[in-house]
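Novice: below is the sequence, then the predicted model.
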Amino acid sequence: MIVVIKDRANEESIEKLREYVSKFGIKTVSIVGEKTTIYGLVGDTSVLDMDTILSNEAVDRVIKVQEPYKHSNRKFHPEDTVVDVNGVKIGGRQLCVIAGPCSVESREQILKVAQDISKSGARVLRGGAFKPRTSPYSFQGLKAEGLELMQVPRKQLGIPIVSEITNPATLDIFLENVDIIQVGARNMQNFELLKLLGQINKPVLLKRGFSNTIEELLMSAEYIMNGGNGKVILCERGIRTFEHFTRNTLDISAVPALKRLSHLPVIVDPSHSSGINWLVEPLALAAVAAGAAGVMVEVHNCPSCALCDGPQSLSCGEFDSLMGKLKKVAEAVGRRL
């Protein structure tokens, strides 16, 4: 439910409204816009007496929200959310490109890739340390050592880093060593993990599960935001369909759909969407044209030698070429790189 407040409403009436709804365990989220102030009521609003609310001198009108997600709903927050990561803004007019290897393999590797992608214009470095793999025999990442190795480019280049958390028990390590905590597709509905991430003051990059709907993605974001952490970045990374040519199927329509339904920034992962090196570029360009706030691309200094996801990784030279093309597409749709 959304309560629209009258212009120049007195604070005493507003406080009475807050006190009334709080009796029923309902949270109030205030959104102050340029022309309008609204209060989003989060909880079971069916217990509220509508006449009592409408009779409050501060209330202009009430709008019922049918969607189950509230905090992430654009009706609650009409203006786009911009997530600030150490000065790097995700969700504004400037396109944010995140790049790096699927897995951190060595100090030399992660520093080399970080230096090259930074020169090309990437704003955030990605790197996997704790790797959830389909096969128990596949490379599982360097774990805590991998996060430690990422501190080298983080300190030398001043570039923020993003890495995926798989176990709530490792949260303290991530809080200390990572600027954006990624929740991977397999953990999108790990609700206990999401609740925990709702209690921290650090950006969370939430990937859509490969068999999940758009509404389910937004409900997962709701778990984080309901805990008090509004710094959520949504990521479309491809969904599972009957098509086997690609690793997944990029749901490009999810970008404008999510932007219509939610105020949260939306980025696209063309690497996991396709699983094929030469498809990454056209999918990345399509994502920007569709309105994505950024893209996350896997880049390796030697893709053929990569311990994880080499076939979908770009070389540093290929990434530099992609950045030149992304700049042109961004300018064509009123954005900048």
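Specialist: Received, thanks.

Novice: helices of the stretch 101-250 of the chain, start to end?
Specialist: Using DSSP state H, counting those that start in this stretch, the helices found in the stretch 101-250 of the chain span residues 107-120, 144-157, 171-177, 191-197, 214-226.

Novice: now the second one - C-alpha only, PDB.
Specialist: Coordinates of the C-alpha atoms in helix 144-157 are reproduced here as PDB (Å, rounded to 0.1, in the frame of the first residue of the first chain):
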ATOM      1  CA  ALA A 144      40.200 -17.100   0.900                       C
ATOM      2  CA  GLU A 145      43.600 -17.000  -0.900                       C
ATOM      3  CA  GLY A 146      41.800 -15.900  -4.000                       C
ATOM      4  CA  LEU A 147      40.200 -12.900  -2.200                       C
ATOM      5  CA  GLU A 148      43.600 -12.000  -0.800                       C
ATOM      6  CA  LEU A 149      45.200 -12.000  -4.300                       C
ATOM      7  CA  MET A 150      42.500  -9.600  -5.500                       C
ATOM      8  CA  GLN A 151      43.700  -7.100  -2.900                       C
ATOM      9  CA  VAL A 152      46.800  -6.500  -5.000                       C
ATOM     10  CA  PRO A 153      44.900  -4.800  -7.900                       C
ATOM     11  CA  ARG A 154      42.400  -3.300  -5.500                       C
ATOM     12  CA  LYS A 155      45.100  -1.400  -3.700                       C
ATOM     13  CA  GLN A 156      47.400  -0.700  -6.600                       C
ATOM     14  CA  LEU A 157      44.700   0.400  -9.100                       C
END
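
Novice: one step back: Q312 is nearest to which of the helices of the stretch 101-250 of the chain?
Specialist: helix 107-120 (14.9 Å; C-beta to C-beta). For the C-beta atoms, the positions are set from N, CA and C on the backbone; glycine is no exception.

Novice: distance to K327 and mean pLDDT added to the helices of the stretch 101-250 of the chain, as a markdown table?
Specialist: Shown next, in a markdown table, are the helices of the stretch 101-250 of the chain (distance: least, C-beta to C-beta, whole Å; pLDDT from 0 to 100):
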| stretch | distance to K327 | mean pLDDT |
| --- | --- | --- |
| helix 107-120 | 10 | 97 |
| helix 144-157 | 21 | 96 |
| helix 171-177 | 31 | 97 |
| helix 191-197 | 33 | 97 |
| helix 214-226 | 29 | 97 |
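
Novice: would you mind finding the most buried of those helices?
Specialist: helix 214-226 (a mean of 22; mean count of other C-beta atoms under 10 Å).

Novice: which residues touch that helix?
Specialist: With contacts defined as C-beta atoms under 8 Å, 6 or more residues apart in numbering, helix 214-226 is touched by 42, 67-73, 183, 188-189, 191, 194-195, 197-198, 204, 206, 208-209, 212, 232, 234, 254, 257-258, 261-262, 264.

Novice: ok now stretch 22-42, how far from the chain's centre?
Specialist: 24 Å (C-alpha atoms, centre = their mean, to the nearest Å).

Novice: average pLDDT for it?
Specialist: For stretch 22-42, mean pLDDT is 85.

Novice: run through the residues that contact the closest residue to R133 other than its chain neighbours.
Specialist: Nearest-residue entry for R133: Q140, 6.1 Å, with adjacent residues in sequence omitted and distances by C-beta to C-beta, 6 or more residues apart in numbering. Residues counted as contacts of Q140 (C-beta under 8 Å, 6+ apart) are F130, K131, R133.

Novice: and these, which is closest to G317?
Specialist: Looking across those and measuring by C-beta to C-beta, the closest to G317 is K131, at 25.4 Å.
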